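*Asks:* Return atomic coordinates for the entry below.
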Amino acid sequence: MKKLILLITMLTITESIHAMNLGERLKSLADQLTNFPSKKQDLSTAIINLKTDLENKEKATEKTIKTLEDQTQKLTSELAAAKAGHTEALDKLNTELITAQTNVKKTQDQLTTETTKATDLQTKLGKAQKDIAEATDSLRGELKVAANKVKNLEAKLKQAAIDSAEAQQDILKRLNPKIDTLQKENAELTTKNKALMDSIAMLPTNTKDILSIDKALAAIKALSAA
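*Replies:* Numbers count the residues shown, from 1 in each chain. Model (predicted):
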């Protein structure tokens with residue numbers, strides 16, 4: 001009888017530990033949702049891990065419940081056998097039976113609550129994945145538009161470079177004759193300047209030759225007029 005009581009107590013403690021561990025995992029996952037990861041792979045991994053953990057906990061809980069039910073049935077049988085001459089023991093066993101049943105019900109309720117929370121969390125994670133996918137598609141569209149704009153701008157710059165080169169060639173074609181003319185006029189001016197300098201050199205350097213100044217000036221005017 002003591003062994004049965006000890007077994008029920010151990011099973012109850014084990015089930016409570018399972019429930020606490022599952023609660024901690026759900027709280028940890030809720031905290032992770034608060035600091036929502038930016039990568040879709042992290043979300044998928046979190047969902048898969050949550051599902052696996054819930055399945056394992058559910059199997060363990062079902063096994064524990066089955067064990068408790070078996071022990072309850074066994075206790076019920078023993079209570080029926082001992083009912084005739086053991087009223088005090090019967091009351092004690094009955095109390096333990098009620099406690100075991102209460103623990104089973106509590107565990108079932110807690111599992112239902114945690115399953116509901118996990119389902120809600122999975123729904124939120126799914127929505128987050130959808131939002132990320134939509135944002136990614138939108139960003140891809142914007143990048144495509146930007147790439148097309150860059151491509152068009154490059155084409156315009158290329159055409160502008162071609163137009164600029166053609167304009168430069170056209171300007172050079174129109175300026176070349178003028179440049180040739182200016183060079184020719186510059187050569188003529190150089191020649192005239194040399195002749196002028198030669199004439200200046202012929203000017204009288206003393207008062208005796210002062211009468212030659214008029215002749216030299218006349219020569220300079222003639223060269224300038226030419």
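
*Asks:* any idea of the mean pLDDT in the top helix by length along the chain?
*Replies:* Determined from DSSP state H, the single longest helix within the chain is helix 87-201. Helix 87-201 shows a mean pLDDT of 81.

*Asks:* Likewise for stretch 57-64?
*Replies:* Taken as a whole, stretch 57-64 carries a mean pLDDT of 78.

*Asks:* What residues sit buried inside that stretch?
*Replies:* Within stretch 57-64, the residues scored as buried using 16 or more other C-beta atoms under 10 Å are 57, 61, 64. C-beta coordinates here come from the backbone N, C-alpha and C atoms, glycine included.

*Asks:* Helix, strand or coil: sort out the second one for me.
*Replies:* Under DSSP: H, G, I helix; E, B strand; the rest coil, Thr61 falls in the helix class.

*Asks:* Tell me which helix or strand Ser77 sits in.
*Replies:* Secondary structure assignment for Ser77, by DSSP states H and E: helix 40-82.

*Asks:* Now do that helix against helix 87-201, angle only.
*Replies:* With axes from the mean of the first three to the mean of the last three C-alpha atoms, to 10 degrees defining the directions, helix 40-82 sits at 180 degrees from helix 87-201.

*Asks:* by contact count, what packs against helix 40-82?
*Replies:* helix 2-34, helix 87-201 (3 or more C-beta pairs under 8 Å, 6 or more residues apart in numbering; DSSP states H and E).

*Asks:* now, of those, which is deepest in the fold?
*Replies:* helix 2-34 (a mean of 14; mean count of other C-beta atoms under 10 Å).

*Asks:* what is the mean pLDDT for that helix?
*Replies:* In the prediction, helix 2-34 has an average pLDDT of 55.

*Asks:* Please report how far the closest residue to Leu68 other than its chain neighbours lies from Glu114.
*Replies:* Spatial nearest neighbour of Leu68, chain neighbours left out: Val104 (5.2 Å); criterion: C-beta to C-beta, 6 or more residues apart in numbering. According to C-beta to C-beta, to the nearest Å, Val104 stands 16 Å off from Glu114.

*Asks:* again, but for Gln129
*Replies:* Counting by C-beta to C-beta, the gap from Gln129 to Glu114 is 22 Å.
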